[in-house]
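Asks: what follows is a predicted protein model with its sequence.
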Amino acid sequence: QVQLQESGPGLVKPSQTLSLSCTVSGGSITTKYHYWNWIRQPPGKGLEWMGAIAYSGSTYYSPSLKGRTSISRDTSKNHFTLQLSSVTPEDTAEYFCARFHGENRDMDYWGQGTQVTVSS
């Protein structure tokens, strides 16, 4: 059973960089053909896909975030990390990590989510 667990600060000040990690257990982040995603949900709004890192290490980002997003991984620790720069209160959201199964075309495993508030 694959499990994902987000971790990071619950409160970030405006203009700072938000950093979150997702630790994966029960499966390797280098296994073909999985993609490891960051998704967020602002209060009262729908889910927003932010970006992903593939089993190969390739990265993909949502253009709506205007280059503020960076996703990296540490294969020795089997985790991947989100960095979102220049945050504003509009970045307040529940942040989720999730696995996309490239063959089944399904977002099949999700973390429980972590709440991040941007406020001074």
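Replies: Here it is on my side, so go on.
Asks: gap between residue 86 and residue 22?
Replies: For residue 86, the distance to residue 22 (Cβ to Cβ, to the nearest Å) stands at 22 Å. No exception for glycine: its C-beta is placed from N, CA and C like everyone else's.
Asks: same drill for those two, tell me which one is more crowded.
Replies: Using other Cβ atoms under 10 Å as the criterion, residue 86 and residue 22 rank with residue 22 on top: 28 against 13.
Asks: what element comes up after the one helix or strand the more buried one maps to heading to the C-terminus?
Replies: Here residue 22 sits within strand 18-25, counting by DSSP states H and E. Scanning forward in sequence from strand 18-25 by DSSP H and E, the next helix or strand is strand 34-41.
Asks: any idea how far that next one is from the chain center?
Replies: Chain-centre distance of strand 34-41: 5 Å, with Cα atoms, centre = their mean, to the nearest Å.
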